[in-house]
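Visitor: Need the 3D shape of this:
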Amino acid sequence: MGTQWSDAAIMRSNGYTVTTSLHYDALFPMLALNRFDYFPRGLYEVWNEAEVHRDEGLRIEKNIMLYYPAPFYFFVNKKDVALAERIERGLKMAQEDGSFDRLLLSFPWFVRGMQEQKNSKRKLFVLDGPAAQP
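Guide: Have a look, this model is predicted:
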């Protein structure tokens, strides 16, 4: 996983051994060279990445799925309160009028991920998410 990814800390706190790289693009050849056994990807990421890296001899695992909460954040300058409030207001408006879902569902790889959540052939491993910040 990426060295600074919160996912790496989540995996470690759940007892997994984690191999990291400073560079995202290095992770795919590292996996192909057996530096680690698997590379967990988000359901909205894996299908597109599998296509991009199709010539590297990698495949999507078909029998398991990991789940842990992984929120998305928007970072703005702490002095730009108005921008932060505008982003939050815009996202809430998009959720309320349905345009948020329409946007996500316009991406085939996102739709595929949503469908895969219903795949009853996969064993689901539920991991603890990030600890609450003090």
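Visitor: Next, the buried residues of the host helix or strand of R112.
Guide: In the assignment (DSSP states H and E), R112 maps to helix 108-116. Neighbour-count burial for helix 108-116, counted by 16 or more other CB atoms under 10 Å, picks out W109, F110, G113. Placement of C-beta: from N, CA and C, glycine included.
Visitor: what pLDDT does the last one get?
Guide: Model confidence at G113, given as pLDDT, is 85.
Visitor: L83 reaches V76, doesn't it?
Guide: Yes - with contact defined as CB atoms under 8 Å, L83 and V76 form a contacting pair (4.9 Å).
Visitor: contact partners of the helix holding R112?
Guide: G42, L43, Y44, E45, V46, W47, N48, M65, L104, L105, R122 (CB atoms under 8 Å, 6 or more residues apart in numbering).
Visitor: Who's the closest spatial neighbour of M65, skipping the chain neighbours?
Guide: Distances taken as CB to CB, 6 or more residues apart in numbering put R122 closest to M65, at 4.5 Å, once the chain neighbours are dropped.
Visitor: which residues touch that neighbour?
Guide: Contacts for R122 were tallied using CB under 8 Å, 6+ apart; they are K62, N63, I64, M65, E116.
Visitor: for stretch 34-45, which positions count as buried?
Guide: Applying 16+ other CB under 10 Å to stretch 34-45 flags F39, P40, R41, L43 as buried.
Visitor: Helix or strand: which one has the nearest residue to the third one once chain neighbours are set aside?
Guide: Setting aside the residues directly before and after it, R41 is nearest to E49 in space (CB to CB, 6+ apart), at 6.0 Å. Secondary-structure element containing E49, defined by DSSP H and E: helix 46-52.
Visitor: quick one: contacts of that helix?
Guide: For helix 46-52, the external contacting residues (CB under 8 Å, 6+ apart) are F28, R41, L58, R59, I60, P108, W109, R112, G113.
Visitor: likewise stretch 21-32?
Guide: Counting by CB under 8 Å, 6+ apart, M1, G2, T3, T19, F36, Y38, F39, E49, H53, E56, G57, L58 sit against stretch 21-32.
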